[in-house]
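A.B. asks: got a sequence here, can you build the structure:
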Amino acid sequence: MKLLSYIPGATLSVSGAAFIALLAGCGGGSGGGSRDVAANAGKSLGCVAQHPGASVAELLACSGDLNGKIDAAMTPFMAANGITAATVAVAKDGVMLAERGYGQRDSARQIPLPADAMFITASIVKPVTAAAIQTLARERTLALTDHVFCTGLNAPCWLAPELQPAAPDVRIGAITIAQLLEHQGGWDADISGDPMVSEYEIQQSLGLSAPPQQDDIIRFVLRRPLDFAPGAKTAYANFGYLLLGQIIEKASGLGYVQYVQENIMGPIGIPKTDFEGMRSLLVNRHPRGPDYITTVTAPSVFVPGTTVLAFDGAVRIENWVAAGATVSTAKAMALFAAHYRIPDGVPLAGATNNAGFSGADPGVATVLRQLPSGVSYAVMMNKLDESNPSGGASYQVRILERIEAALKDAGL
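C.D. replies: Residues are numbered from 1 along each chain as shown. The predicted structure is shown next:
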């Protein structure tokens, strides 16, 4: 299993045997009460659906019991780690079983957090981006074998040659959409850095007076040689998903968020108000979102010469909407995972999958998971363990273990 870099923490994308190995021996945990549960308290019922093929009615009868078990997993974990806001949503075969809100929206801890709070998704939106690409491919609007950058000799292709320098790395013309999906486009953040956390450097290098736009970032990156030949290896790349977002917009004629709202989330019952783009400045943050807890600061790309919190102007975050800069509810993400395979975004169409994806941003830790039983769930928290942003000690893996112990205890 490989833990993959993401600003400045990490993203976990694993499936099948690797994920099973991660969970081997996990005992999870329980205990504690249900303090600060703001929604869907439920009635404590004995679970009668601890068998395969349970009916919807039986599953819903389990939800009261399941709520208590999730509460017992979440509340002591949050208290022990200084997490003041979190949401959890669990579905089985696309039926919502639990949608929970914990803690408070505000740093003064006066406003209870609702279960439908809008959290920064971080990288768990990447499978949504993949689903959008797969949808366009099924409609034959594009093909996964299409080239990303147009050279004049490699049609079909998508992004204009004007984005390239006069003498680009000739291998750029060989990059395909499929390679971007699989993080095989040729960029390795361990070698050349992650442009997602380099916008101040990009701004200074290009002599920009305003925050870099997507095309500025692309031009900056393409001035450098690729780190490896496209398709030669896998190296996690946020930049590849920025490019996929541009391709989605060019192929569909819609903005990324609008396309996802209308073609991915809408058909599975998610309203537009539950999946939106993130905003760069705190003053414009989503009114249904929590306060995020972080100590990470960086130079502002909006007010040169000032230092800001990482999520308050260190990046023009709208550039990265397809890579991680969306806000959504735990329910929306859990239902997405009930319908689309992680990580490649292919429709499940009644099948099940054993995979997971996690996200990390300053002040954000998220988990999206599919189980072979048909259970899908999402966890969203307003704090990242900045000392352990990835790996077994991270909040993401530790809460995954607790939630899956709770699900197992509930017969799911």
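
A.B. asks: where do the strands of the protein begin and end?
C.D. replies: 3-5, 10-15, 85-92, 95-103, 119-120, 147-149, 157-159, 275-277, 297-299, 307-309, 326-328, 355-361, 364-370, 375-381 (DSSP state E).

A.B. asks: and these as TSV, adding mean neighbour count and mean pLDDT?
C.D. replies: From N, CA and C alone the C-beta is placed, and that goes for glycine too. Output for those, formatted as TSV (neighbours: other CB atoms under 10 Å; pLDDT from 0 to 100):
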stretch	mean neighbour count	mean pLDDT
strand 3-5	21	29
strand 10-15	23	37
strand 85-92	27	96
strand 95-103	24	94
strand 119-120	29	98
strand 147-149	22	98
strand 157-159	20	98
strand 275-277	20	98
strand 297-299	17	95
strand 307-309	15	96
strand 326-328	25	98
strand 355-361	27	94
strand 364-370	27	97
strand 375-381	28	97
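
A.B. asks: so which of those gets nearest Arg288?
C.D. replies: Across these, Arg288 has its closest neighbour in strand 326-328 (8.1 Å, CB to CB).

A.B. asks: that closest one: partners in the sheet, and parallel or antiparallel?
C.D. replies: Strand 326-328 has its sheet partners listed here by DSSP bridges as strand 119-120 (antiparallel), strand 275-277 (antiparallel).

A.B. asks: looking at those, which is nearest to Leu153?
C.D. replies: Of all the strands paired with strand 326-328, strand 275-277 sits nearest to Leu153, with 35.2 Å by CB to CB.

A.B. asks: which other residues reach that closest one?
C.D. replies: The contact list for strand 275-277 (CB atoms under 8 Å, 6 or more residues apart in numbering) reads 118, 256-257, 260-261, 265, 286, 318, 321, 325-328, 332.

A.B. asks: please apply the same query to stretch 149-165.
C.D. replies: 142-143, 146-148, 172-175, 177, 215, 218-219, 222-223, 243, 246-247, 250-251.

A.B. asks: again, but for stretch 227-241
C.D. replies: For stretch 227-241, contacts defined as CB under 8 Å, 6+ apart pick out 2, 4-7, 11, 13, 123, 126, 129, 171, 174-176, 179-192, 194-196, 217, 221, 320, 322-324.

A.B. asks: pull out the buried residues from those.
C.D. replies: With burial judged by 16 or more other CB atoms under 10 Å, the buried subset of the contacts of stretch 227-241 is 4-7, 11, 13, 123, 126, 129, 171, 174-176, 179-189, 192, 194-196, 217, 221, 320, 322-324.

A.B. asks: select from the residues you listed every entry located in helices.
C.D. replies: Residues from the buried ones among the contacts of stretch 227-241 lying in helices, with DSSP state H as the criterion: 126, 129, 179-181, 189, 192, 217, 221.

A.B. asks: out of those residues, what pair is the most spread apart?
C.D. replies: Checking these with CB to CB, the most distant pair is Thr129 and Ser192, at 21.9 Å.

A.B. asks: okay, and the helix or strand of the chain with the least pLDDT?
C.D. replies: strand 3-5 (a mean of 29; mean pLDDT, DSSP states H and E).

A.B. asks: wait, doesn't Leu282 sit right on Leu309?
C.D. replies: Yes: the criterion here is CB atoms under 8 Å, and Leu282 meets it with Leu309 at 7.4 Å.

A.B. asks: look up how far Asn238 lies from the nearest residue to Tyr340 once chain neighbours are set aside.
C.D. replies: Of all residues not flanking Tyr340 in the chain, Ala131 sits nearest, at 4.6 Å (CB to CB, 6 or more residues apart in numbering). Separation of Ala131 from Asn238 (CB to CB, to the nearest Å) stands at 18 Å.

A.B. asks: ok, Ser209 next?
C.D. replies: For Ser209 relative to Asn238 (CB to CB), the value is 25 Å.

A.B. asks: give me the more crowded residue out of these two.
C.D. replies: Taking neighbours as other CB atoms under 10 Å, Ser209 and Asn238 compare with Asn238 leading, 25 against 6.

A.B. asks: mind checking pLDDT for that one?
C.D. replies: Here, the pLDDT recorded for Asn238 equals 96.

A.B. asks: Ser107 too?
C.D. replies: pLDDT, Ser107: 83.

A.B. asks: try Ala393
C.D. replies: With respect to pLDDT, Ala393 has a value of 89.

A.B. asks: neighbours of the residue lying closest to it once chain neighbours are set aside, how many?
C.D. replies: Computed as CB to CB, 6+ apart, the closest residue to Ala393 that is not its neighbour in sequence is Asp385, at 7.2 Å. For Asp385, the number of neighbouring residues by other CB under 10 Å comes to 20.

A.B. asks: as TSV, the ones in helices among the buried ones among the contacts of stretch 227-241 with pLDDT would be great.
C.D. replies: TSV is the format used below for these (pLDDT from 0 to 100):
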residue	pLDDT
Lys126	98
Thr129	98
Gln179	98
Leu180	98
Leu181	98
Ala189	93
Ser192	94
Ile217	98
Val221	97
